[in-house]
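In: Please find the sequence and the predicted model below.
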Amino acid sequence: MHDLPPSTGAESPRSLHSPYSLTPARDAAASFAELEELKAILLAGSAHFDVAVVAEAHTLSPSFPLYTASIGSADPLAPAVGFFGGIHGLERIGTQLILHYMRALLHRLEWDELLHRQLEKIRLVFMPIVNPGGMWAHKRANPQGVDLMRNAPQRADSRVPWLAGGQTLSALLPWYCGRPGTPMEVESAALLQVVREQLATRPFSLALDCHSGYGFQDSIWFPYARTRKLLGHLPEMFALRTMLEQSHPHHAYSFEPQSNQYLLHGDLWDHAYDHAPAGNVFLPMTLELGSWLWIRKNPRQLFSRHGIFNPMKAHRTKRVLRRHADLLDFLTRAAFAVPRWLPEGEQRAQLARQATAYWRPRRVL
């Protein structure tokens, strides 16, 4: 069994300099189940994970740490995959999916020789709860009423859906972008900092942000959300999509630019992609779990905010956790094998033509 290479930068839980403890909260009202599960995983994996508190989210009463956990190669040039969740506090299933994967990863480290070999060559970065204040308060937005997924400064270059595409009228209305001209929210800035320091500086990196709520079908969206123009790394994204189709031919994902569905202001992943260093390949994606299907099967969920965005039946929750673990594994394998598939030269030019034809922009909402 291989030992994982020592890490640099972030500290392990045993030496984490932070006022926050990984032990269970004494006051249950000042925490919530997903945060306690994350702390338990980090404590159990203290020999493997490098943990950091990248920011602090404030509410009117408790404050919450924004934890990141990293594992794998300490080489700053190694490919990396980032897994993010909980940007919207009501969409708990995305966070639960990442926590489920982290827990399984720890168990596999006890026996999985192939996983050890992968982690010698790649870096995995986890930020499962980006908006702990919103999750604690059972709200989509953060405690300041800002929808973090609409909080970046850029504006869409065409019409967006009313309110849902992002609005600056009031924090009392949903989908509030924040006050124009003010700095981004602490949580938004922390996510972008993690991307900037741990992912986008590498020659190759991927990011998957887990959400729920839109449509009857599970979707994988990638930039752009602000424009119908296609991103510069379209050939690489098309190669990744082709590999997913070939290796998991019966998957149920729609894989497309978000702008094929609707445009919005302030998308964090548009901002992260546009500010990645030139010359590096950074491919951010959003996993959008189609929660309308859960509502169709159990219409009573319409009467619960939690039910609109999460499967309420235990067997459906288990099915979601099982179903999407393959996608997370696929992305780690793709990062490990990137020299074998990253297109170059004429192959890249050919893929660019195919991808442009396949994802030709269409009319949006």
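Out: Structure's in. What do you need?

In: Rounded mean pLDDT for stretch 130-139, please.
Out: For stretch 130-139, mean pLDDT rounds to 96.

In: so how far is that stretch from its chain's centroid?
Out: Relative to its chain's centre, stretch 130-139 lies at 16 Å (Cα atoms, centre = their mean, to the nearest Å).

In: Quick check: end-to-end length of that stretch?
Out: End-to-end distance for stretch 130-139: 13 Å, by Cα to Cα, to the nearest Å.

In: buried residues in that stretch?
Out: For stretch 130-139, a neighbour-count test (16 or more other Cβ atoms under 10 Å) marks 130-137, 139 as buried. Where you see a C-beta, it was placed from the backbone N, CA and C, and this is true even at glycine.

In: would TSV of these with secondary structure be doable?
Out: Shown next, in TSV, are the buried residues of stretch 130-139 (DSSP: H, G, I helix; E, B strand; the rest coil):
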residue	secondary structure
130	coil
131	coil
132	helix
133	helix
134	helix
135	helix
136	helix
137	coil
139	coil
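
In: Adding distance to residue 122 as columns, could you present the residues you listed in TSV?
Out: Shown next, in TSV, are the buried residues of stretch 130-139 (distance: Cβ to Cβ, whole Å):
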residue	distance to residue 122
130	22
131	27
132	27
133	32
134	31
135	29
136	33
137	36
139	35
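
In: Closest one of those residues to residue 260?
Out: residue 130 (24.7 Å; Cβ to Cβ).

In: thinking the closest one is in contact with residue 84, fair?
Out: Yes. Using Cβ atoms under 8 Å, residue 130 is in contact with residue 84, at 6.1 Å.

In: got the residue ranges for the strands in the stretch 1-150 of the chain?
Out: For the stretch 1-150 of the chain, the strands defined by DSSP state E, counting those that start in this stretch cover 50-58, 63-72, 80-85, 123-127.

In: now the stretch 151-300 of the chain
Out: Secondary structure of the stretch 151-300 of the chain, counting by DSSP E, counting those that start in this stretch: strands at 204-212, 219-222, 254-257, 281-289.

In: what residue lies at the spatial centre of the chain?
Out: Residue closest to the average C-alpha location in the chain (Cα atoms, centre = their mean): residue 209, at 1.7 Å.

In: pLDDT score assigned to that residue?
Out: Residue 209 is assigned 98 on the pLDDT scale.

In: Residue 176 reaches residue 150, doesn't it?
Out: Yes. Taking Cβ under 8 Å as the definition, residue 176 is a contact partner of residue 150 at 7.5 Å.

In: the bottom helix or strand of this structure by mean pLDDT?
Out: Lowest by mean pLDDT, DSSP states H and E among the helices and strands of the chain is helix 292-297, with a mean of 60.

In: can you list the strands of the stretch 151-300 of the chain in TSV and add distance to residue 23?
Out: As requested, the strands of the stretch 151-300 of the chain are arranged in TSV below (distance: least, Cβ to Cβ, whole Å):
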stretch	distance to residue 23
strand 204-212	27
strand 219-222	37
strand 254-257	41
strand 281-289	31
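
In: Among these, which comes closest to residue 104?
Out: Among the strands of the stretch 151-300 of the chain, strand 204-212 comes nearest to residue 104, with 15.1 Å by Cβ to Cβ.

In: and the closest one with strand 281-289, angle?
Out: Here strand 204-212 points in a direction 20 degrees away from that of strand 281-289 (axes from the mean of the first three to the mean of the last three Cα atoms, to 10 degrees).

In: What would strand 204-212 look like as CSV? C-alpha coordinates only.
Out: What follows is strand 204-212, C-alpha atoms only, in CSV (Å, rounded to 0.1, in the frame of the first residue of the first chain):
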residue,chain,number,x,y,z
PHE,A,204,-5.1,21.3,-16.2
SER,A,205,-8.0,21.3,-13.8
LEU,A,206,-11.7,20.4,-13.6
ALA,A,207,-14.4,21.6,-11.2
LEU,A,208,-17.8,20.2,-10.5
ASP,A,209,-20.4,22.3,-8.6
CYS,A,210,-23.4,20.2,-7.4
HIS,A,211,-26.8,21.9,-7.5
SER,A,212,-30.5,20.8,-7.7
